[in-house]
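J.: Fold the following, please.
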Amino acid sequence: MTTRIVFAEGANVTVTANAQEVKETLARDKQAGKPFTQLQEQGGRDIYVAADRVAYITALSSYST
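T.: Numbering: from 1, shown residues only. From the prediction side, this is the model:
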């Protein structure tokens, strides 16, 4: 399952982790004071997400486009 991360500015990115994992990872890194969380974008590239810029995340089914 993949997860879409939507940022406060409206941009979005799809990552390969499930929504619960993304939520926990972002929260853990933010609490630890890390400015960015490393995730893997759909397609295999590493990306770095600033947790304080995330508006919401949503789980995508394997059938979503």
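J.: and the closest residue to residue 18 other than its chain neighbours, what does it touch?
T.: Using Cβ to Cβ, 6 or more residues apart in numbering and skipping residues adjacent in sequence, the residue nearest residue 18 is residue 1, 4.8 Å away. Backbone N, C-alpha and C define where each C-beta goes, glycine included. Taking Cβ atoms under 8 Å, 6 or more residues apart in numbering as the criterion, residue 1 is in contact with 18-19, 59-62.
J.: do the same with residue 6
T.: So residue 6 contacts 12, 54-58 (Cβ under 8 Å, 6+ apart).
J.: rerun at 6 Å
T.: Counting by Cβ atoms under 6 Å, 6 or more residues apart in numbering, residue 6 touches 12, 55-56.
J.: ok, now residue 57?
T.: Counting by Cβ under 6 Å, 6+ apart, residue 57 touches 3, 5, 19, 22.
J.: Identify the residues contacting residue 55.
T.: 6-8.
J.: What is the nearest of the residues you listed to residue 36?
T.: Taking Cβ to Cβ as the measure, residue 36 lies nearest residue 7 of these, at 12.9 Å.
J.: How about the closest one: what's its closest non-neighbour residue?
T.: residue 53 (5.1 Å).
J.: before we move on, what about residue 27?
T.: Nearest non-adjacent residue to residue 27, counting by Cβ to Cβ, 6+ apart: residue 51, 7.4 Å away.
J.: and the one you found, what pLDDT?
T.: Predicted confidence (pLDDT) at residue 51: the value is 95.
J.: All the helices of the protein, residue numbers only.
T.: For the chain, the helices defined by DSSP state H occupy 19-31.
J.: quick one: low-confidence ranges for it?
T.: Low-confidence segments of the chain, defined by pLDDT under 70: 62-65.
J.: swap the cut-off to 90 and go again
T.: Within the chain, the ranges that satisfy pLDDT under 90 run 1, 61-65.
J.: Residue 28 and residue 17, how far apart?
T.: Distance from residue 28 to residue 17, counting by Cβ to Cβ, to the nearest Å: 13 Å.
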